[in-house]
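Undergrad: dropping a prediction and its sequence here:
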Amino acid sequence: MIKYSYNTLVFAGEDIETGIARLAKFGYDGVEIVGEPEKMDANRIKELLDQYNIEASTICAIYNTERDLVSSNENIRKNAVEYIKSCVDFASTIGAKGISLTPTACMKIYGEADRETELNWAVEGIREAGFYAGEHGVRLTVEAWNRYENYLINRLEQALELVNRVNLPNVGVMGDTYHMNIEEVDIADTIRMVGDKLYHLHIADSNRAAPGRGHIDFEPIAQALRDINYSGFLTMELLPPFADPFNGSKCEEFYDQYSEESITFLKNLFKEEK
Ligand code: LER
Ligand code: MN
């Protein structure tokens, strides 16, 4: 069965309780929590999730120049692995089952070494973090980002190839319809191609607004998810329409309005049996 969650990344400037309460009120099954374990009180988050009767779907890990699995600097690569392990500990405490992973920094669009060397570093780092995650019952999900945010893994076939090289059962692929709309030939066919290795999916429309507010056709995507018997979370990851959407700027519509509207849109989409 499909479950719905919402990435709290966009709820800038408010206490985590307000976001959790909002998502519980609008009928979400889960909350995707930003992966900054050192800045967050995991025990309090767990208490709040229990109080509002909603689960932690996943951790949205944040990859920056200090947390880059394919940096040419070995210390930074090690730091990235340690960071993912700290997200695993965080996930274990709050009950999240998956952590997103992209093997380089967000907004880094040039490599530092040749592609094969970087992919080998990625495999090495993901395997180490992946073993640790496996011991804690947590999945790592390799997400492809569009070419303006990342140069290494832009399409799901590349994510799948990397996941196959890592070859651990708890390491799979994740998509994001916003990135896929830019990079894939056909979003639905790509979902079918990844099949049971699709462990997680971010949902946003073509402009990163709530589904239904851009020009992605979600009908064939829903059909592809039915075809592969997808039973994971669909997590809204909506972000403001800026060149740098990660700078913490607030847009009022991303709080109540898009939270409510997104789940209504997706529940309608999956309601009718096709
Ligand atoms: C993260 O899930 C994502 O999609 C990227 O754009 C970086 O935040
Ligand atoms: Mn995403």
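TA: Everything's here; your move. Ligands and ions are numbered 1, 2, ... in the order given.
Undergrad: can you map out the helices along the stretch 151-274 of the chain?
TA: Remark: helices assigned in the stretch 151-274 of the chain by DSSP state H, counting those that start in this stretch are 156-166, 177-183, 187-194, 218-227, 256-271.
Undergrad: now the angle between helix 218-227 and the longest one, please.
TA: Our comparison of helix 256-271 with helix 218-227, counting by axes from the mean of the first three to the mean of the last three Cα atoms, to 10 degrees, yields an angle of 60 degrees.
Undergrad: give me the contact list for helix 256-271.
TA: For helix 256-271, contacts defined as Cβ atoms under 8 Å, 6 or more residues apart in numbering pick out 2, 4, 6, 22-23, 26-28, 203, 209-212, 218-219, 222, 234, 236, 238. For the C-beta atoms, the positions are set from N, CA and C on the backbone; glycine is no exception.
Undergrad: near residue 1, how many other residues are there?
TA: The local packing of residue 1 (other Cβ atoms under 10 Å) involves 8 other residues.
Undergrad: please name the residues that touch it.
TA: Neighbouring residues of residue 1 by Cβ under 8 Å, 6+ apart: residue 231.
Undergrad: cool, the one 4 residues further on as well?
TA: Contacts for residue 5 (Cβ under 8 Å, 6+ apart) come out as 23, 28, 29, 30, 31, 32, 57, 58, 233, 234, 235, 236.
Undergrad: repeat that for 10 Å
TA: 23, 28-33, 54-58, 96, 200, 202-203, 232-237, 263 (Cβ atoms under 10 Å, 6 or more residues apart in numbering).
Undergrad: for residue 154, same thing?
TA: Shown in contact with residue 154 (Cβ under 10 Å, 6+ apart): 144, 145, 146, 147, 148, 179, 180, 182, 183, 184.
Undergrad: what's the pLDDT at it?
TA: Reading off the confidence values, residue 154 has pLDDT 98.
Undergrad: any idea how far it lies from ligand 2?
TA: In this view, residue 154 and ligand 2 are 13 Å apart by Cβ to the ion, to the nearest Å.
Undergrad: how about residue 79?
TA: Counting by Cβ to the ion, the gap from residue 79 to ligand 2 is 22 Å.
Undergrad: tell me which element that residue falls in.
TA: When elements are assigned from DSSP states H and E, residue 79 belongs to helix 74-94.
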